[in-house]
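> Next input, structure requested:
(2 chains)
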Amino acid sequence: MALAAAFGRIFFANLTAGNPGEFWGSRIYTVLPLTLIFFFVYAQLGPDEASIRDDRRLHFDDLLGYVGTGSIVALLYFQFSNDWLVTAWAVVIFALFGVALLLNRAMFLHQGIILTVGTCVRGVMHNLFGASYFSGGDWTGRYFVLGSAVAVMLACLPFAFRLRDRDKTEAPTNRWSGALVRHLEQFMFFAPVLLLTLMLALKMRAGMVTVAWGIEGVLIVLLALAVNERSFRLTGMVLLLVCVGKIMLRDAWGLAPRDRYITFIILGAALLLVSFLYSKYRDAIRQLL
Amino acid sequence: MKRLAIFVVVLAVGVTALYFSQRRHDSTPVSANAVVEVAADAQRDLSRVPMRLTRLSDDEEIAIGNQLADQYSGVTAQLSAEELGLESYVRRVGNNVSSHAHRRLPYSFHLVPNRAMINAFSLPGGPVYVGKGLLDLMTSEDQLAAVLGHEVEHIDHYHCAERVQIEARLRKLRLDIVGALVQIPLTVWEAGYNKDEELEADREGMRLAVLGSYSPYGAVTLFEKFAKLHDEYIIHAQSPEEELSALAIQSLEGYFRSHPQPSERLAQANRLIAQEGWQDRKTQKPFRVEYEVHNGKYVK
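Modelled structure (predicted):
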C-alpha cells in the first residue's frame, strides 16, 4: 500500500517539481530513488520464494515491476521536451529488452512491447501530426528527432532475435502477448519501419518522397540479406515496387523537372543495386523462399 | 551478502535524496498539474490528426471568426474617450506586430473595458481582445507587443481554428450554418490552450514582437510579473487535508486552464533570447497612450 501510495503521489508532488530547464533538479532526485526502491522490492519477490505465495497470487512482483518502469516513463515525460520524448522512451525500450534478455524475465519483454506501441502512437500523434505548422521546420525538427527514435528501436533487433531464439525452446503460451513474443523481431522491425515510412511521407518535400522511400527500400533489402529474414526482404521489395508504381502513375507527370530527374536517377540506381544483390546472393535468397 | 549490499546502496540513495530535498528551500505545491498536463496533451494529440485532415480554409475561418466576434460587439461598443484612445493604441501596436505573421488574415484588435479582466484572447480568423485589467499591469509598449504577438500566433498557428472545430464537433454544430456558433460560450475562448500551444504562442509571439522592432524583454518582464502574481495566488498547503482541498480546487480549474506555469514561460523566454542572440535588445518603449478629445468626444 505504501509503495502504491508513493507511486500515486509522484504525479501530484514530484513530477512538476523543480525549476524549468533544470535537469538535475528535485524531480530527478526524488523520483529516481523511488524507482530504485520499486525495483529492489520487485527483485526480492522472486517467483521461487515459497513464503510469498500469497503475494504471487496477486502478482505483487509484476505490479511493482510495472510501477517501477511506469515511474521512469512518467519521469521522462516531464524531464524531456515534448518532441524528444519519443527518443527517450525508445532508449527505455532498448534497456527493457536488454534486461529481459539478461535476467530472463518475461515481464520486461511485455513492458518493452507496450512501450514500443506507446512510442509509435506518440510519434505519429505528436511528432508527425501534432507538430507545429510553421516552426520546427529545420532538419532537426523534421527528421532527426523521430529518426533517432526509429534508429534506437531498430537497434533493439539483435535483442529481439536472441529473445525469439530463446523463446522458441519454451512452451507456447496462450496469453494475448504470445504471438508478439514469439515473433518479437517482426514487431520490432515493422513498428519503426512503418513510423519511418510515414515520417518520410509527411515530412519530406513532396518531390523527394519517392527518392526517400527508394533509399529506405534498398536499406531494408540490405538489412534483410544481413539477417536472412524473408519478411524484411519482401518489405523492402514492396517498398521499391510502390516507388516504381508511384513514379509511373504520378511522379513522371506531376513533378518539377529537377525533382523528376533526381527521382529517376536515384530510383534507377537503387533498382540496379537490388538486382545486382539478388543475382549475387541468388543461392542464399532461394533458401529463404 | 549481495542482497544486503544492494539494500545498503538503495537505502543510501534514498537518504541522500531526502537530505537534498530537505536542504532545498523552494517548495513545490501539491497539485494535479502533472495529471492535467498529460490529459491536455493527450487530448490535443488525439484531436490533431482529424484536425489536420479536415483543416478549414482561411475564408471559412474568417467567416466563423466574424460570427463569433458579433457576440462581443455589445461589450466593446460602449467605450469612453479614454478607452477609445487606449484601443487605438492597442490597434497600432497590434498592426505592427501582426504584419509579420505567417498567414495574411484580417487581424483586428479590440479593448474589453473591464478592469477585472486580466486576460487577452483571440478568435479564429483575426479578432484579438485585450482586457483593461491586463493593460493596467503593463509598463511598456514591448509588453503589449508580447501579449498581442502571443494572441496573433494562436490564430496564425490554427489553435483557434482547431478549437472551433473541436467545440463544433462536441456540441454537434454545423460550421456552415450562420448563427450556429452562438451556442459556443465566450468563456471557451477566454480559457487558455494546452501547454504546448501556449508555449508555441509565447515563442512565436516573441519572434513577431522582435520583427516589429520591440524588445523581447517585454515578454520577460511581463512573465516575471505573472510569476509574482501566481505565487501570491496559489495555496501553499501545510497538512495532508489542506493538500487534498487545494488539489481538488486546482484540478477543476487546471483542466480548463492548463496554461504552463509562469516560471516555465519565463524560462523559455530567456532560453529563446540566448538562442537568438537578442541580449542587446534590452531597451523598452514606455507604455504611453496619446489621444485627443474635443467636447468630451474622442477625436484621434
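
> right, and the helix or strand after the lowest-mean-pLDDT helix or strand in chain B?
The weakest-scoring helix or strand in chain B, judged by mean pLDDT, DSSP states H and E, is helix B:240-256 (a mean of 54). Downstream of helix B:240-256, the next assigned helix or strand under DSSP states H and E is helix B:262-276.

> confidence score at the residue positioned nearest the centre of chain A?
Centroid-nearest residue in chain A, with Cα atoms, centre = their mean: residue A:153, separated by 3.5 Å. Note on residue A:153: pLDDT of 95.

> so which helix or strand takes in the residue lying closest to residue A:129 once chain neighbours are set aside?
The shortest distance from residue A:129 to any residue other than its chain neighbours is 4.5 Å, reached at residue B:49 (Cβ to Cβ, 6 or more residues apart in numbering or on different chains). (C-beta placed from N, C-alpha, C; glycine too.) Element membership for residue B:49, per DSSP H and E: helix B:33-53.

> Check what contacts that helix and list those residues.
Contacting residues not belonging to helix B:33-53 are listed as A:11-12, A:15-16, A:74, A:77-78, A:82, A:122, A:124-126, A:129-130, B:158, B:162, B:165-166, B:194-197, B:250-251, B:254-255, B:258, B:261 [Cβ atoms under 8 Å, 6 or more residues apart in numbering or on different chains].

> make it 7 Å
Outside helix B:33-53, the residues within contact range by Cβ atoms under 7 Å, 6 or more residues apart in numbering or on different chains are A:11-12, A:15-16, A:77-78, A:125-126, A:129-130, B:162, B:165-166, B:194-196, B:251, B:254-255, B:258.

> how about stretch A:265-278: buried residues?
By 16 or more other Cβ atoms under 10 Å in any protein chain shown, the buried positions in stretch A:265-278 come out as A:266-267, A:270-271, A:274, A:277.

> Correction: the previous question concerned stretch A:146-155.
Using 16+ other Cβ under 10 Å as the test for burial, stretch A:146-155 gives A:146-150, A:152-155.

> same thing with stretch B:268-276?
For stretch B:268-276, the neighbour count (16+ other Cβ under 10 Å) marks B:268-270, B:272-273 as buried.

> Between the residues you listed, which sits nearest chain A?
Distance to chain A, by Cβ to the nearest Cβ, is smallest for residue B:268 among those, at 7.3 Å.

> Distance check, that closest one against residue B:202.
Noted for residue B:268: a distance of 6 Å to residue B:202, by Cβ to Cβ, to the nearest Å.

> do residue B:208 as well
From residue B:208 across to residue B:202, the span is 11 Å (Cβ to Cβ).

> re the thing from before, so for the residue nearest to residue A:129, what's the pLDDT?
79.

> What parts of the stretch 151-300 of chain B come near chain A?
Proximity of the stretch 151-300 of chain B to chain A, by Cβ under 7 Å from any Cβ of the partner chain, involves residues B:157-158, B:196, B:200, B:204, B:247, B:263-264, B:267, B:271.

> switch the cut-off to 10 Å
Residues of the stretch 151-300 of chain B lying close to chain A by Cβ under 10 Å from any Cβ of the partner chain are B:153, B:156-159, B:195-197, B:199-200, B:203-204, B:207, B:243-244, B:247, B:250-251, B:260-268, B:270-271.

> Report the buried members of these.
B:153, B:156-159, B:195-197, B:199-200, B:203-204, B:207, B:243, B:247, B:250, B:260-268, B:270.

> Tell me where the stretch 1-150 of chain B has strands.
In the stretch 1-150 of chain B, the strands defined using DSSP state E, counting those that start in this stretch lie at B:108-112, B:120-122, B:127-131.

> Next, count neighbours for residue B:114.
13 (other Cβ atoms under 10 Å in any protein chain shown).

> and the gap between residue A:180 and residue A:160?
From residue A:180 to residue A:160 the distance is 11 Å (Cβ to Cβ).

> Common neighbours of the two, please.
Residues touching both residue A:180 and residue A:160 (Cβ atoms under 10 Å, 6 or more residues apart in numbering or on different chains) are A:109, A:186-188.

> For these, work out which two are farthest apart.
A:109 and A:186 (14.2 Å; Cβ to Cβ).

> more neighbours, the two?
residue A:109 (23 against 16).

> Flag every buried residue along the helix or strand encompassing that one.
Counting by DSSP H and E, the element that carries residue A:109 is helix A:106-122. Using 16+ other Cβ under 10 Å as the test for burial, helix A:106-122 gives A:106-116, A:119-120, A:122.

> least trustworthy helix or strand in chain A by mean pLDDT?
helix A:53-57 (a mean of 56).

> Report the next helix or strand after that one in sequence order.
helix A:60-79.

> Quick one: list the elements packing against that next one.
helix A:2-9, helix A:26-44, helix A:53-57, helix A:85-103, helix A:106-122, helix B:33-53 (3 or more Cβ pairs under 10 Å, 6 or more residues apart in numbering or on different chains; DSSP states H and E).

> Tell me which of those helices sits nearest to residue A:235.
helix A:106-122 (16.1 Å).

> rank the helices and strands packed on helix A:60-79 by mean pLDDT and give me the bottom one.
Looking at the helices and strands packed on helix A:60-79, the bottom one is helix A:53-57 with a mean of 56.

> how about the closest residue in space to residue A:74 that isn't next to it in sequence, what does it touch?
For residue A:74, ignoring the flanking residues on the chain, the nearest one in space by Cβ to Cβ, 6+ apart is residue A:15 at 6.1 Å. Going by Cβ under 10 Å, 6+ apart, residue A:15 touches A:9, A:27, A:30-31, A:71, A:74-75, A:77-79, B:28, B:33-35, B:37-38.

> And those, which is closest to residue A:205?
Residue A:205 lies nearest to residue A:77 out of those, by Cβ to Cβ, at 31.8 Å.

> Please name the nearest non-neighbouring residue to the closest one.
Excluding the flanking residues, the one nearest residue A:77 by Cβ to Cβ, 6+ apart is residue A:85, at 6.2 Å.

> The one you found and residue A:148 touch, don't they?
No. Assessed by Cβ atoms under 10 Å, residue A:85 is found out of contact with residue A:148, at 11.7 Å.

> Residue 215: what's it in contact with?
You didn't say which chain, so I picked chain A. Applying Cβ under 10 Å, 6+ apart, we find residue A:215 in contact with A:200, A:239, A:243, A:266-267, A:269-270.

> ah, no, chain B please
Applying Cβ under 10 Å, 6+ apart, we find residue B:215 in contact with B:140-143, B:145-146, B:206, B:209, B:221, B:273, B:278, B:280-285.

> for chain B, what are the nearby residues on the stretch 101-250 of chain A?
In this structure, the stretch 101-250 of chain A approaches chain B at residues A:121-122, A:124-136, A:202, judged by Cβ under 10 Å from any Cβ.

> which pair in those residues spans the largest distance?
A:121 and A:134, at 24.6 Å, using Cβ to Cβ across those.

> need the contact list for residue B:168.
Contact partners of residue B:168, counting by Cβ under 10 Å, 6+ apart, are B:64, B:174-175, B:180-181, B:183-184.
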